[in-house]
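Asks: Attaching a predicted model along with its sequence, questions to come.
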Amino acid sequence: MIRSMTAFARKDTQGDWGTLTCEIRTVNHRYLEPSFRLPESLRELENGFREELRKQLKRGKVDISMRLQSVEKASQSFEINDDMAKSVNEAANHINRMLDNPAHISALDIMRWPGVLSVPEQDYGPAKAAAAALFADTVGELVTVREREGERLRPLFDDRLSEMSELVAQVRALMPSLLQAQDKSLRERFEKARVELDPDRVSQEMVMLAQKSDVAEELDRLDAHIGEVQDTLMKNDAIGRRLDFLMQELNREANTLSSKSIDAGVTRTAVDLKVLIEQMREQIQNIE
């Protein structure tokens, strides 16, 4: 299955604790490289998120952003440390009795003293549970998008692989007539040079020419690699690296075919093959 490494997914959820939004963007990368931007209250979830990503994705640079908007409560409760407040008040009164011009201490002054007034810590447990579920849903959506984007590339690969198979078949069909033409051309050159034809020498020359221009192995390997690409495209796994390797092998055989060419038509065919290979290679750089 073809999966693109370029995708975007966004989901949100709400609860009594507020609103959570998760966004994930991915682009092509040689390895899996996640980057997280999480609220401090959800930071401890990062390791679990990383593990979930490794289960679902194999390659790509992944940017994950999660935002938490807490609900503003109508009445904010405070906790007062009565013992601390009494101690501060008594200490202030004790000092005032020693002063010629004592200053009045207010309730606000006492509340400002460290440890007297505190805000109860918010319980983020429900929000954390919702964040874990939201992240899993968003990753699932991302995988669906990557698969959908990847499958849109299948016609491109199918068309080019079909064209390549046709080009290889054309060269294979031409080779007997091309070798025969080369044999005729060689004999004509001997005759024009008025060289006495030695049957053994002619046979040796033809064997050498046939070996030099024999591209049967290259054509066989091209067919084999094309078939392997088609099989790889059907695998339900990360296939990008394998496809990239197969493009290198196809390009190598096309180059050899060009170097062994004894006909302008075969040279053009080799160039056409390389163009098709390069077109596929460009798309493969974005496949997981």
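Replies: Looks like it arrived, so ask away. Residues are numbered from 1 along each chain as shown.

Asks: Show me the shaky parts of the chain.
Replies: By pLDDT under 70, the low-scoring segments of the chain are 72-77, 119-121, 178-214.

Asks: quick one, strands of it?
Replies: Along the chain, the segments classed as strands by DSSP state E run 7-15, 18-27, 32-37, 60-70, 79-80, 117-118.

Asks: buried stuff in the second one?
Replies: It stands for strand 18-27. For strand 18-27, burial by neighbour count (16 or more other C-beta atoms under 10 Å) applies to 18, 20, 21, 22, 23, 24, 25, 26. The way it works is simple: take the backbone N, C-alpha and C, and place the C-beta from them, glycine included.

Asks: closest to residue 84 among the residues you listed?
Replies: Each of those was checked against residue 84 using C-beta to C-beta; the closest is residue 18, at 31.7 Å.

Asks: Dig out what the closest one forms beta bridges with.
Replies: Beta bridges link residue 18 to residue 15, residue 70, judged by DSSP bridges.

Asks: which residues sit in contact with it?
Replies: Each residue near residue 18 by C-beta atoms under 8 Å, 6 or more residues apart in numbering is listed here: 68, 69, 70, 71, 127.

Asks: mind putting the strands of the chain in CSV, distance to residue 104 included?
Replies: Formatted as CSV, the strands of the chain follow (distance: least, C-beta to C-beta, whole Å):
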stretch, distance to residue 104
strand 7-15, 47
strand 18-27, 42
strand 32-37, 49
strand 60-70, 38
strand 79-80, 20
strand 117-118, 20
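
Asks: among those, which is nearest residue 244?
Replies: Closest approach to residue 244 among those is made by strand 60-70 (14.6 Å; C-beta to C-beta).

Asks: Give me the angle between the closest one and strand 18-27.
Replies: In terms of direction (axes from the mean of the first three to the mean of the last three C-alpha atoms, to 10 degrees), strand 60-70 departs from strand 18-27 by 170 degrees.

Asks: residues of strand 60-70 that come out buried?
Replies: Neighbour count says strand 60-70 has 60, 61, 62, 64, 66, 68 buried, by 16+ other C-beta under 10 Å.

Asks: OK, contacts around the fifth one?
Replies: Yep, that's residue 66 we're talking about. The contact partners of residue 66, taken as C-beta under 8 Å, 6+ apart, are 20, 21, 22, 23, 36, 37, 38, 39, 42, 131, 134, 135.

Asks: How much space separates it from residue 111?
Replies: Applying C-beta to C-beta, to the nearest Å, the value for residue 66 to residue 111 is 35 Å.

Asks: follow-up on the earlier one: from the contacts of residue 66, which is closest to residue 105?
Replies: Among the contacts of residue 66, and counting by C-beta to C-beta, the member closest to residue 105 is residue 39, at 38.9 Å.

Asks: quick one: residue 127 and residue 254, what's the gap?
Replies: Separation of residue 127 from residue 254 (C-beta to C-beta): 57 Å.

Asks: Who has more neighbours out of these two?
Replies: residue 254 (26 against 23; other C-beta atoms under 10 Å).

Asks: Now that one: closest residue in space that isn't a chain neighbour?
Replies: Among residues not flanking residue 254 along the chain, residue 273 sits closest, at 4.3 Å (C-beta to C-beta, 6 or more residues apart in numbering).

Asks: Please determine how far the closest residue to residue 240 other than its chain neighbours is located from residue 59.
Replies: Nearest residue to residue 240 in three dimensions, chain neighbours excluded: residue 287, at 4.0 Å (C-beta to C-beta, 6+ apart). From residue 287 over to residue 59 the distance is 9 Å, taken as C-beta to C-beta.
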